[in-house]
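Asker: can you look at this prediction? I've put the sequence above it.
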Amino acid sequence: MTLDRINERGMVLLGCGKMGSALLAGWLARGVHPRSVHVIEPHPSDWLRDSGVFLNTEMPDAPAVVVLAVKPQMMGDALPALQSLGGGQTLFISIAAGTQLARIGDVLGARTPVIRAMPNTPAAVGQGISALIGNHDVSETDMTLAEALLAAVGQTLRLENETQMDAVTALSGSGPAYVFHMIEAMARAGHAQGLSPDIAMKLARATVTGAAALARETPDSAEQLRINVTSPGGTTAAALAVLMDETHGLPPLMERAIAAAAARSQELAQ
């Protein structure tokens, strides 16, 4: 199995916040042995302390993988400490937004295989999606291993080039926050129409999560699902006339929002 490479040589997880913890939980559930994992985390949670992994101890000499799960602004301090692991024996996987392959490779040295990945927070419930792209030193075996690690928390897909990562960050990386805000906005609008805040929030949450489950399970396109709900001249059509307005509706608003997130991702890369 692909993950046997981890159990044989070990792996390092640098940073174990919410995303790192979600990934680690998925790996352990998939059969990665806790004593094969070395976690470096200055503020460990109780769950991490009880997980059975090596915590803040000396790293193995040549682990199979190092996963960089620290915040982008911390990469400058984190990477130099890992230079001894560069050079080809260890695969590096970075999930830090805006940190380019070349920057990581320059610090870790020539012939170091590096993969950038962008998972998202639904990984915490096994429903994430991660996009991956590797540098020229990444082999098909390396990519398959990275996909196996990220598949532990959801779907994976490969990008054609690294320039697409800014759009991925803006769409799926930041996207869950857009959906959560939509729940907030729907609940607030329901409250404005006379519902109690509690009932409005329960209806909004159940509606969004139910619609998402339907979109996931059915082969119909999102457009067709929208049409299925919309009766001509009915209440849904009245609401969609507002949401689908070409000037002030949701499409132009979402375009501006995602463009802003992509621009910020590009700024972080500078």
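Answerer: Received the coordinates, thanks.
Asker: let me see the ranges of the strands in the stretch 101-250 of the chain.
Answerer: 114-118, 128-134, 154-158 (DSSP state E, counting those that start in this stretch).
Asker: tell me the most buried of those strands?
Answerer: Sort these by mean neighbour count, taking mean count of other CB atoms under 10 Å, and strand 114-118 sits at the top with a mean of 27. C-betas here are computed from N, CA, C, even on glycine.
Asker: next one: that strand to chain centre, how far?
Answerer: The chain centre lies 11 Å from the centre of strand 114-118; the measure is CA atoms, centre = their mean, to the nearest Å.
Asker: quick one, domains of the chain?
Answerer: Using automatic domain parsing, the domains assigned to the chain come out as 4-161, 175-268.
Asker: how about those domains, which one is nearest V168?
Answerer: domain 4-161 (4.4 Å; CB to CB).
Asker: re the thing from before, make TSV out of the strands of the stretch 101-250 of the chain and add distance to L3 and mean pLDDT.
Answerer: Output for the strands of the stretch 101-250 of the chain, formatted as TSV (distance: least, CB to CB, whole Å; pLDDT from 0 to 100):
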stretch	distance to L3	mean pLDDT
strand 114-118	16	97
strand 128-134	16	97
strand 154-158	14	97
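Asker: quickly compare the domains of the chain and say which is most buried.
Answerer: Comparing those by mean neighbour count (mean count of other CB under 10 Å), domain 4-161 ranks first with a mean of 18.
Asker: now it, how far from the centre of its chain.
Answerer: On CA atoms, centre = their mean, the centre of domain 4-161 falls 12 Å from the chain's centre.
Asker: repeat for stretch 198-212
Answerer: On the basis of CA atoms, centre = their mean, stretch 198-212 sits 23 Å off its chain's mean C-alpha point.
Asker: setting aside sequence neighbours, what's the nearest residue to P197?
Answerer: Closest residue to P197 apart from its sequence neighbours, by CB to CB, 6 or more residues apart in numbering: H191 at 5.3 Å.
Asker: what sits against the closest residue to A64 other than its chain neighbours?
Answerer: Distances taken as CB to CB, 6+ apart place R9 nearest to A64, at 4.1 Å, with adjacent residues excluded. R9 is in contact with 60, 62-64, counting by CB atoms under 8 Å, 6 or more residues apart in numbering.
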